[in-house]
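Undergrad: quick one, structure for this:
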Amino acid sequence: MSVIKTTNLTKRFGKFTALDGVNIDLKEGEVYGFIGPNGAGKSTTIRVLLGILKATEGEAKIFGKDAWADAVEIHKRIAYVPGDVNLWPNLTGGEVIDLFVKLRGNNNRGRREELIQMFDLDPTKKSRTYSKGNRQKVALVAAFSSDADLYILDEPTSGLDPLMEQVFQQCVMDAKRAGKSVLLSSHILSEVEKLCDRVGIIRQGKIIETGTLDELRHLTRTNLTIKTKQPLKTLHEIKGVYDIQNKNQEISFQVDTEELDTIIKHVSQFGIVKLESAPPTLEDLFMRHYENKDDTKVGGES
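TA: A predicted model of the protein is given here:
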């Protein structure tokens, strides 16, 4: 069953097309990574899904309901965390969390306390005294304290330190194990790689690739570091080899995954002493899509 389904989703602001035929299909119990450079259309898509913006063309459905027309009904079952959280300055963090939890009709006090401890949050302080990271913690505790069916997370770890990022990742995996669905927009590619079942890459308002990480990895390159008994020659002449670097009698380079067999056969003629292979990462994939483009900047609002 599709929890989120957009079909030819298009949003124009005057003559500017922010979203151009975006198709997303998030299944039940799935974590979907939504990535792209600054200005690609990630946050615009999320605002349409939340019923904040109305699509110019196409449709966006959540739980089979129209994201714009049925927004009130949909919001009863979703939790949303933005990348820049604004809180009521005179309320304490604990009061803000309680307010959000009560709005959902959920009173799981034990889960609230557990999350406050996990995120190392002082809930007695006024919100105006919180750092950006602590404001994010309040939003994350409120979201994961609620028994939502869908979590929409737009750069949710912005401002968190690496330890708290790990806590966040644990919360996402707990939600997934409980059969919940997650849409995660993030520029922290290692985070997406750890958490997501499928990934959609958006550029200039269009989804340019979508699929599981394994399906997308064929598009990228494997990193090899090799040391041979005899000088390794003619490597630069072989198809699918890039970015050759010679250092300390070792050669490191990138190779198109589909050419890996040919490369290894060639290299083996020179007597392999050392061979290290690093699997292609989502970052490799991401940078390959945007290399030699003007918009290589990653992250932030879009």
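Undergrad: residue 88 against residue 96, yeah?
TA: Yes. Between residue 88 and residue 96 there is a contact under C-beta atoms under 8 Å: 6.4 Å. Using the backbone N, CA and C atoms, a C-beta is placed for each residue, glycine as well.
Undergrad: compare the two (neighbour count), which wins?
TA: A side-by-side neighbour count of residue 88 and residue 96, using other C-beta atoms under 10 Å, places residue 96 first with 21 against 12.
Undergrad: and the host helix or strand of the more buried one, what's buried?
TA: Using DSSP states H and E, residue 96 maps to helix 93-103. Neighbour-count burial for helix 93-103, counted by 16 or more other C-beta atoms under 10 Å, picks out 93, 94, 95, 96, 97, 98, 100, 101.
Undergrad: again, but for stretch 63-70
TA: 63, 67, 68.
Undergrad: just curious, which of those residues is nearest to residue 49?
TA: Proximity of the buried residues of stretch 63-70 to residue 49 was ranked by C-beta to C-beta; the top entry is residue 67 with 5.3 Å.
Undergrad: and the helix holding residue 96, what does it pack against?
TA: Of the remaining helices and strands, those touching helix 93-103 by 3 or more C-beta pairs under 8 Å, 6 or more residues apart in numbering; DSSP states H and E are helix 109-118, helix 132-145.
Undergrad: and the longest one, what's buried?
TA: Within helix 132-145, the residues that qualify as buried are 133-145, counting by 16+ other C-beta under 10 Å.
Undergrad: low-confidence regions, the stretch 201-302 of the chain specifically.
TA: The model of the stretch 201-302 of the chain has pLDDT under 70 over residues 290-302.
Undergrad: show me where it has its helices.
TA: 213-217, 260-268, 282-290 (DSSP state H, counting those that start in this stretch).
Undergrad: single out the most deeply packed of those helices.
TA: Of all the helices of the stretch 201-302 of the chain, helix 282-290 carries the top mean neighbour count, a mean of 19, counting by mean count of other C-beta atoms under 10 Å.
Undergrad: include distance to residue 76 and pLDDT when you put the buried residues of helix 93-103 into a markdown table, please.
TA: What follows is the buried residues of helix 93-103, written out as a markdown table (distance: C-beta to C-beta, whole Å; pLDDT from 0 to 100):
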| residue | distance to residue 76 | pLDDT |
| --- | --- | --- |
| 93 | 24 | 95 |
| 94 | 23 | 94 |
| 95 | 22 | 95 |
| 96 | 19 | 95 |
| 97 | 18 | 93 |
| 98 | 18 | 91 |
| 100 | 13 | 87 |
| 101 | 13 | 83 |
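Undergrad: from residue 197, how far out is residue 170?
TA: 17 Å (C-beta to C-beta, to the nearest Å).
Undergrad: residues contacting the spatially closest residue to residue 274 that is not a sequence neighbour?
TA: Computed as C-beta to C-beta, 6 or more residues apart in numbering, the closest residue to residue 274 that is not its neighbour in sequence is residue 227, at 3.9 Å. By C-beta atoms under 8 Å, 6 or more residues apart in numbering, the contact set of residue 227 is 249, 250, 251, 272, 273, 274, 275.
Undergrad: repeat the analysis, applying 6 Å as the threshold.
TA: If you count contacts by C-beta atoms under 6 Å, 6 or more residues apart in numbering, residue 227 has them with 250, 273, 274.
Undergrad: which one of the residues you listed is nearest residue 13?
TA: residue 250 (51.5 Å).
Undergrad: look at the closest one and say how many residues are nearby.
TA: Neighbours around residue 250, by other C-beta under 10 Å: 15.
Undergrad: domain ranges for the chain?
TA: According to automatic domain parsing, the chain comprises the domains 2-216, 221-279.
Undergrad: got those domains as a markdown table, with distance to residue 285 columns?
TA: Listed next are the domains of the chain as a markdown table, based on distance: least, C-beta to C-beta, whole Å:
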| stretch | distance to residue 285 |
| --- | --- |
| domain 2-216 | 6 |
| domain 221-279 | 9 |
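Undergrad: hey, least reliable of the helices and strands packed on helix 93-103 by pLDDT?
TA: Ranked on mean pLDDT, the bottom entry among these is helix 109-118, at a mean of 91.
Undergrad: okay, buried residues for that helix please.
TA: Going by neighbour count (16+ other C-beta under 10 Å), the buried part of helix 109-118 is 111, 112, 115, 116, 118.
Undergrad: chain center to that helix, what's the gap?
TA: 25 Å (C-alpha atoms, centre = their mean, to the nearest Å).
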